[in-house]
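*Asks:* Only the shape, not the letters, is given here:
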């Protein structure tokens, strides 16, 4: 129980620190939100009145506490550019980014895990060497470049998938899959390469352990040894990598969503940065940071679930 309490305290402390840093960063940025809303030709008295209405005339500490209070109650403020509640805009754009992230993560695991096991079992053979070459290319190629290549190949040449745009799930599920497949693949290919490499190396390291030699000496089948013993012990580093890949997917989606013109959080963030929509940018940065911290917290808990030895060390 102490382990969970320590992790929970560290989780809450990190969230508080993230919120403070996020708030302070946007306070020191140049530019006055009231000036942005009213325009450069606005009367100084109008600007002062609007600053008072927005609470910008109060101290930073007061503004931070008010921001946290409003955020916890679900009030993220109003967008300067769109003149709409930020919460409504997040609800509108979040399903696209979540669909993209889940689709990408699903492709990564469905392809990466079997290939990682295969390349470990076929270590030294030609097929394993070819897959190792793929992992080298996959890790080194950026997602946005892959996005353009996939568009050129599958959209322009083969005309199998749309070039850009998004079809909501409620309108056409097949169309939604088609609109998400290429951007998800662009995000998944580097992740697949990383999972294959780490899983292969971990499986090979585990296969040299004494417990594997003991299992073989007892006459157990190689496939049973792989899936019952070696793979379970190899899951810890793989889960760590998957957690990092989720965070990378959120970062990569910012670029990929703009390449494919997907109306997700990433494209909204880029647009709001360009228009200096500080309430919207501040909320989305905090949202991404909270997701990353939460993923790390979940991974720490999964360690104890998967490997009982961690329980004994705490």
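*Replies:* Yes, it's here. Note that the structure is predicted; figures quoted are calculated from it, not measured.
*Asks:* Without its sequence neighbours, what residue ends up closest to residue 18?
*Replies:* Distance criterion CB to CB, 6 or more residues apart in numbering; nearest residue to residue 18, sequence neighbours excluded, is residue 289 at 4.6 Å. Where C-beta positions appear, they are placed from N, C-alpha and C, glycine not excepted.
*Asks:* And residue 144, by the same measure?
*Replies:* In space, residue 144 is closest to residue 255, 4.7 Å off (CB to CB, 6+ apart).
*Asks:* Please, which helix or strand holds residue 93?
*Replies:* Taking DSSP states H and E as the criterion, residue 93 maps to helix 86-121.
*Asks:* Equivalent analysis for residue 211, please.
*Replies:* helix 210-217.
*Asks:* roughly how far is the helix or strand following that helix from the heart of the chain?
*Replies:* In the C-terminal direction, the helix or strand that comes right after helix 210-217 (DSSP H and E) is helix 222-225. Centroid separation between helix 222-225 and its chain, computed with CA atoms, centre = their mean, to the nearest Å, is 34 Å.
*Asks:* Let me see the mean pLDDT of helix 222-225.
*Replies:* When pLDDT is averaged along helix 222-225, the result is 76.
*Asks:* helices or strands next to it in the packing?
*Replies:* Counting contacts by 3 or more CB pairs under 8 Å, 6 or more residues apart in numbering; DSSP states H and E, helix 222-225 packs against helix 210-217.
*Asks:* And the helix it packs on, what's buried?
*Replies:* 212, 215 (16 or more other CB atoms under 10 Å).
*Asks:* How about residues contacting it?
*Replies:* 206, 222, 225, 229-230 (CB atoms under 8 Å, 6 or more residues apart in numbering).
*Asks:* Spatially, which two of these are the most separated?
*Replies:* Pairwise distances across the contacts of helix 210-217 (CB to CB) peak at 13.4 Å, for the pair 206 and 222.
*Asks:* When these two are compared, which one has more neighbours?
*Replies:* residue 206 (19 against 13; other CB atoms under 10 Å).
*Asks:* how close does that one sit to residue 225?
*Replies:* Computed as CB to CB, to the nearest Å, the residue 206 to residue 225 distance reads 10 Å.
*Asks:* Lowest-scoring secondary structure element of the chain by mean pLDDT?
*Replies:* helix 308-313 (a mean of 53; mean pLDDT, DSSP states H and E).
*Asks:* And the strands in this protein?
*Replies:* In the chain, no segments count as strands under DSSP state E.
*Asks:* which intervals of it have sub-threshold pLDDT?
*Replies:* Residue ranges of the chain with pLDDT under 70: 29-31, 306-314.
*Asks:* tell me how far the helix holding residue 211 is from the chain's mean position?
*Replies:* Worked out by CA atoms, centre = their mean, helix 210-217 lies 39 Å from the chain centre.
*Asks:* same deal with stretch 28-38?
*Replies:* That offset, for stretch 28-38, works out to 30 Å (CA atoms, centre = their mean).
*Asks:* Tell me which residues of that stretch come out buried.
*Replies:* For stretch 28-38, using 16+ other CB under 10 Å, the buried residues are 33-34, 36-37.
*Asks:* same question, stretch 66-78
*Replies:* Applying 16+ other CB under 10 Å to stretch 66-78 flags 67, 71, 76-78 as buried.
*Asks:* could you dump those to TSV with distance to residue 187?
*Replies:* What follows is the buried residues of stretch 66-78, written out as TSV (distance: CB to CB, whole Å):
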residue	distance to residue 187
67	32
71	28
76	26
77	30
78	32
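*Asks:* Relative to residue 87, which of those is nearest.
*Replies:* Taking the buried residues of stretch 66-78 together and measuring to residue 87 by CB to CB, the closest member is residue 76, at 5.0 Å.
*Asks:* show me what contacts the closest one?
*Replies:* 70, 85-87, 90, 279, 283.
*Asks:* again, 7 Å this time
*Replies:* 86-87, 279, 283 (CB atoms under 7 Å, 6 or more residues apart in numbering).
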